[in-house]
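Asker: build me a structure from this.
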Amino acid sequence: MTPLTRRGFLTTTAAAGAGLVIGFYLPHGSSSKNGAGFSPNAYLKITPDGKITIVVARSEMGQGVRTALPMILAEELEADLNQITVEQAGASSLYGDQTTGGSASVRTTWEPMRKAGAAAREMLLSAAALEWGVPKSSCKAEHGSVTHAGSNRKKSYAELADRAATLPVPSAPPLKDPKDFKLIGTRAARIDTPAKVQGAAEYGIDFRIPNMKYAMLSRCPVVGGKVTSFDDKDAKKVPGVSYVGKISDSAVAVVADSVWGAMEGRRVLNVTWDEGPNKDLSTAAIKEGLKQAASKKGVALYAVGDVSKVGGKKIEAAYELPFMAHAPMEPGNCTAHFQANKCELWAPTQVPQDVRDSVATAVGLDPDQVKVNITLLGGGFGRRLEHDYGVEAALVSKAIGGPVKVLWSREDDMRFSTYRPPSYHKLSAALDGQGWPASFSHTMVTPSISAQKGYPLDGGVDPDMKDETAVVYSFPNALIQFVQTETPVPLGWMRSVYALQAAFASESFIDELAGAAHKDPLDYRLHLLSKDEDIKYFDAVWKTARMRGVLQLAAEKAAWGKPLPGGRYRGIACFGCFGSYAANVVEISMENDKPRIHRVVATVDVGQVINPTILEQQIQGAVIYGLANALRAQITIDKGRVVQGNFDDYEPIRMSEAPAVEAYYVQSTEAPSGVGEPPLPPVAPALCNAIFAATKKRIRSLPIIT
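Answerer: Model prediction:
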């Protein structure tokens, strides 16, 4: 295989009958592996039988990637969307970073996907021109065919594929002007909807293979605890139970012919645990540790001017956020079949390569002896960036010598997961004579997910914070700091990660400043964004004009400033993360001292929108997820154990509570940026700001309802 150049393309396949195959590289936002020498991780194939296929290494978990990516390609290729199918690539050493996360799927594939489609289009045009002996400029590509107006001739891409494959790949094919887009920006129907509606879509939990067993694991309830011993006498009496055995230091597996048999066998299994050093760990102790760490010197994420030399009216506040669970509707699961010198898995994963590598290490194989097939994911929110479920399935399969599906119950998924880290935020500002912030300070105290997982920090900075804790206001003096702490509780990336935490604290505090200055919260923000400025934050540049535009759109659609019906109140917030800008206006009333959310207006600027319907779905999902997190979501620790276990004590938004969510976006021709996560961070502060408008009580700790 020819190494990839920085142009992003590989030599086409020219074997007779193979059609046109172009390999290209789709980078990932968290990966720097996009230099010369890397193999392609996506392919465009046009075969003589008329099939147009793109092979990509991104997982589909409801975000619409299997529709958005074909739309980008089809636009430049001049093909109809219904002519293109997506083929899911499994884990492979050929693929760069296959991670699906960080709202990166579209924003990192936009340019290479366009170039691939444009390159194929130009090659097909050239092939037709050569066959007809006419100038290429007299040929036109449209609807999966090339036509020659002068002679009224027409050939399909299928007929031209073999000839096109003999031509060189253009390194810089001409791309369409956005004003000429026919497909991008339209509400094309989602490709995956019919299969889901018909029940044919296959998620990890649905997957079956012949002779497959089912396994449930009994895990130590205390963080970091281990198995001392176990008595399997009663478990083996359960009909269908065929195996009980320790598969790791902290877990015992029960294998049966049915899910029910595995559950019953685990229920009567008697395990003695070594609870280890965390048996007395509690939420109270964790919170106190965060507060104490706030007095330490932090690592500067952003600094301008000198906050220590600014006088004025001093305003201070502290905000807290708890551990949170991802709680996707599809709990953890994986199917594995270990056979001597190979192992195959079927996993709903966001990180197939990590699953492959971890499984290889666990079962004593080389990575190329492990095959990972990616199924649909019934939600992810970052939970499936882990690979524990894959390792467990492989270990159990090896132990029993046959195929097995490891299933996690809802309680397993809640109590033995990884969690969004807790945080403590210390904020202060000095207001000038007009009430505007002459200085602004924000110290974020939280464990580092990357550090806990063994990844190096960059100058003491968690790498995720560079994309998630942006500053979008212009302050004459500002200091944003990060103080790293540690916790034995396993941490994981959760939808919007540190952005959710930073936004809750900073956007609630901005409201506090507006109140102290006796100014309208919207006007206060717009004043801070009034000048068109570029704010450099690590490698990103945040534009006050784009943030201002999103905020104004939200205010306009929510009719901010116009009277509300009696008993109704509004709150507003905005934030930038993952390259995008977002704002929310939340409208509430208070019932029995609790907020009743009636309406949420959510606006974004994500650059060029690929599919407005998918964008709106993402915004609506983010808002509902954000409201659930803000209202009741928290994971607490008692005696080293996670207390919450199901949706009765980790309660999501119920249908009767769900507000009307209005989603809008700023029209833009900027390159696409992230959309899955950016609408989420402003939700909690906008809600809490609305509660303050109603009650004059400031909420500085989540969840709102405890």
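Asker: dump the residue contacts of A79.
Answerer: I52, L73, G117, H143, G144, Y157 (C-beta atoms under 8 Å, 6 or more residues apart in numbering). Using the backbone N, CA and C atoms, a C-beta is placed for each residue, glycine as well.
Asker: no no, Q617
Answerer: G64.
Asker: switch to 10 Å and redo it
Answerer: By C-beta atoms under 10 Å, 6 or more residues apart in numbering, the contact set of Q617 is G62, Q63, G64, R190, N611, A663, V675.
Asker: among those, who's most crowded?
Answerer: Scoring these on neighbours with other C-beta atoms under 10 Å, the highest-scoring entry is V675 at 31 neighbours.
Asker: which residues does that residue contact?
Answerer: So V675 contacts 63-64, 68, 103, 105-107, 578-580, 582, 604, 606-607, 609-610, 614-619, 622, 665 (C-beta under 10 Å, 6+ apart).
Asker: inside strands: which ones of those residues?
Answerer: S580, A582, V604, Y665 (DSSP state E).
Asker: among the contacts of V675, which are located in helices?
Answerer: A68, I614, L615, E616, Q617, Q618, I619, A622 (DSSP state H).
Asker: a markdown table for the contacts of Q617, including pLDDT and distance to G312?
Answerer: Putting the contacts of Q617 into a markdown table (pLDDT from 0 to 100; distance: C-beta to C-beta, whole Å) gives the following:
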| residue | pLDDT | distance to G312 |
| --- | --- | --- |
| G62 | 91 | 47 |
| Q63 | 93 | 45 |
| G64 | 93 | 48 |
| R190 | 93 | 53 |
| N611 | 97 | 48 |
| A663 | 98 | 39 |
| V675 | 95 | 38 |
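Asker: could you redo these as CSV and give each row distance to C574?
Answerer: Below are the contacts of Q617 laid out as CSV (distance: C-beta to C-beta, whole Å):
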residue, distance to C574
G62, 25
Q63, 23
G64, 24
R190, 29
N611, 24
A663, 15
V675, 16
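Asker: nearest to R208, out of those: which one, please.
Answerer: G62 (22.1 Å; C-beta to C-beta).
Asker: tell me, what's the model's pLDDT at the nearest residue in space to the closest one that is not next to it in sequence?
Answerer: With C-beta to C-beta, 6 or more residues apart in numbering as the criterion, G62 has its nearest non-adjacent residue at 6.4 Å, and that residue is G379. G379 carries a pLDDT value of 95.
Asker: need the contact list for G379.
Answerer: 61-62, 203, 326-331, 348, 495, 621, 625.
Asker: switch those residues over to JSON lines; also include secondary structure and distance to S171.
Answerer: What follows is the contacts of G379, written out as JSON lines (DSSP: H, G, I helix; E, B strand; the rest coil; distance: C-beta to C-beta, whole Å):
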{"residue": "M61", "secondary structure": "coil", "distance to S171": "34"}
{"residue": "G62", "secondary structure": "coil", "distance to S171": "36"}
{"residue": "Y203", "secondary structure": "strand", "distance to S171": "40"}
{"residue": "H326", "secondary structure": "coil", "distance to S171": "42"}
{"residue": "A327", "secondary structure": "coil", "distance to S171": "47"}
{"residue": "P328", "secondary structure": "coil", "distance to S171": "42"}
{"residue": "M329", "secondary structure": "coil", "distance to S171": "45"}
{"residue": "E330", "secondary structure": "coil", "distance to S171": "43"}
{"residue": "P331", "secondary structure": "coil", "distance to S171": "47"}
{"residue": "P348", "secondary structure": "coil", "distance to S171": "38"}
{"residue": "R495", "secondary structure": "coil", "distance to S171": "38"}
{"residue": "G621", "secondary structure": "helix", "distance to S171": "39"}
{"residue": "Y625", "secondary structure": "helix", "distance to S171": "42"}
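Asker: what pLDDT, on average, does the host helix or strand of L301 get?
Answerer: Using DSSP states H and E, L301 maps to strand 299-304. In this model, strand 299-304 has a mean pLDDT of 97.
Asker: so which elements touch that strand?
Answerer: Packing partners of strand 299-304 (3 or more C-beta pairs under 10 Å, 6 or more residues apart in numbering; DSSP states H and E): strand 437-447, helix 465-468, strand 478-485, strand 534-537.
Asker: which of the residues in it are buried?
Answerer: V299, L301, Y302, V304 (16 or more other C-beta atoms under 10 Å).
Asker: so after that strand, what's the next helix or strand?
Answerer: Next along from strand 299-304, by DSSP H and E: strand 313-321.
Asker: ok, K543 touching G549?
Answerer: Yes. The pair K543 / G549 is scored as a contact, 9.2 Å apart, by C-beta atoms under 10 Å.
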